[in-house]
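Visitor: Take a look and give me a structure for this.
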Amino acid sequence: MKDAQKINVSSQNLIDALIEFGFTKRAREFAIESGFTLKEIDQQKKKSKGIEVSEPLKEILNSVLSMSSIARFESGEKTLLVFPDSKSNIIVERIEENSYEFSKHDFKELNSILTEFYGWDTSKQDDFMKVNIGLSSDIYDLIHGIEPSGLDDMIEDENFELQIRHFLRDFKRNYHQVSKIIFKKRRINTYVMEEDHVMLFVPSENFIWHINYEEIMDDQIILTSNSVPTYLSVVQKITEEILQGGIPNEKKKVMNSKEEQKKFSFKRGFSFFWKSNLILLITILAININRASFSEGGGGLLLLLYLSWEALLILLSFFACFKEREDSSPARKVSSAS
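Guide: Alright, predicted model coming up:
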């Protein structure tokens, strides 16, 4: 797939593509990251009629499902997911309503991608002066649940500092919410990804309010203004550090054949049977080398043991026909940006 080439798929086609190669634990995790609920996944799976997955989409899905890190950017109803593809390249998934767009880019393009995604102006930075203000945790919690009219009253309330009112005005313009950048990593290969780092911010007209929610001092949450270019530079650096740590040394083929994904497969059972019998045969041959030292009747005992082992292997081969159950995930540990 060429860089910047775009692949657009609907929600149904995306689920169909994941089903076509077996809906594994990682595929389900990816679907949830892409905005599907478990109920929606089940509904889409029932509607699935099977599709021929294009090679570019197959390549994209193989890459994102093999990775162990992700960056999630949200802006209103839009979501941007960024996956590492190599040390210098990323895969970007843009999600808006029921449309999913995939594309490959150089890591250096991340700044321009985020600028376009958020609609930020990077030109105004010359006479920027950094400002730190404190907002009580009670006020911070209040503004997330208050009615719009109540927030308007706070913005006009002169009892609040001018800079706090400025922040509240920006908060209102930002869909009455704090924006999040969520970074996730997979600690152990068989586990789901956990939140590794979170950045909270509210964009203003010419700068970004960064919210340092973890380091609360005297019940005050510190809000720090940053120029857009400075904030983008920090975001890019953190994104590179976290995503590049989630690239496997060697990409594995995640989308296995249909035979490998079947819940019951004679092929899996037969593979286990002949491999285990090979080990048994080597063991029997090793024992037969010392057969001359056996006591009378030892040969009969050896035959009985062989038949018993063979019967056990047949039983185990039957169980091997069933697909191995996937592990459950550990509890999440959440940390936020400093």
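
Visitor: Against Phe117, how distant is the closest residue to Ile95 other than its chain neighbours?
Guide: Closest residue to Ile95 apart from its sequence neighbours, by C-beta to C-beta, 6 or more residues apart in numbering: Thr79 at 4.2 Å. The way it works is simple: take the backbone N, C-alpha and C, and place the C-beta from them, glycine included. According to C-beta to C-beta, to the nearest Å, Thr79 stands 9 Å off from Phe117.

Visitor: Please work out how many residues are found near the nearest residue to Phe272 once chain neighbours are set aside.
Guide: Sequence neighbours aside, Ala320 is the residue nearest to Phe272 in space, at 3.8 Å (criterion: C-beta to C-beta, 6+ apart). Residues contacting Ala320 under the criterion other C-beta atoms under 10 Å number 20.

Visitor: cool, and Trp209?
Guide: Counted with other C-beta under 10 Å, Trp209 comes out at 25.

Visitor: can you check Glu156 too?
Guide: 11.

Visitor: And the helices in the stretch 201-338 of the chain?
Guide: 228-244, 258-261, 266-289, 298-320 (DSSP state H, counting those that start in this stretch).

Visitor: Might you report the residue contacts of the nearest residue to Asn189 once chain neighbours are set aside?
Guide: Excluding its sequence neighbours, the residue lying closest to Asn189 (C-beta to C-beta, 6+ apart) is Ser68, at 7.3 Å. Contacts for Ser68 (C-beta atoms under 8 Å, 6 or more residues apart in numbering) come out as Lys185, Arg186, Asn189, Met193, Gly246, Ile247, Pro248.

Visitor: Ile282 and Ile314: what is the separation?
Guide: Ile282 is 18 Å from Ile314, by C-beta to C-beta.

Visitor: The residue nearest to Ile95 against Arg72, yeah?
Guide: Yes: counting by C-beta atoms under 8 Å, Arg72 is a contact partner of Thr79 at 6.9 Å.

Visitor: Could you tell me the per-residue confidence at the residue nearest to Ile95?
Guide: We have a pLDDT of 94 for Thr79.

Visitor: likewise Ile7?
Guide: Note on Ile7: pLDDT of 93.

Visitor: got it, and Val131?
Guide: 88.

Visitor: and if you look at Arg186?
Guide: 88.

Visitor: Please apply the same query to Ser204.
Guide: For Ser204, the model assigns a pLDDT of 92.

Visitor: Kindly report the same for Ala331.
Guide: 30.

Visitor: Make sure Ile164 is actually in contact with Val131.
Guide: No: at 10.8 Å, Ile164 does not count as touching Val131 under the criterion of C-beta under 8 Å.

Visitor: the strands in the stretch 101-250 of the chain, which residues?
Guide: Listed in chain order, the strands of the stretch 101-250 of the chain (DSSP state E, counting those that start in this stretch) span 132-136, 179-185, 194-203, 207-217, 220-227.

Visitor: Could you identify which of those has the lowest mean pLDDT?
Guide: Lowest mean pLDDT within the strands of the stretch 101-250 of the chain: strand 207-217, at a mean of 88.

Visitor: Confidence-wise, which helix or strand of the protein is lowest on average?
Guide: Lowest on mean pLDDT, DSSP states H and E among the helices and strands of the chain sits helix 258-261, with a mean of 45.

Visitor: So Thr239 is in contact with Phe183, correct?
Guide: Yes: look at Thr239 against Phe183 with C-beta under 8 Å: they come within range, at 7.3 Å.

Visitor: any common contacting residues for the two?
Guide: Taking C-beta under 8 Å, 6+ apart as the criterion, Thr239 and Phe183 both touch Ala71.

Visitor: Which element, helix or strand, includes the most centrally placed residue in the chain?
Guide: Residue closest to the average C-alpha location in the chain (C-alpha atoms, centre = their mean): Ile70, at 4.9 Å. Here Ile70 sits within strand 69-75, counting by DSSP states H and E.
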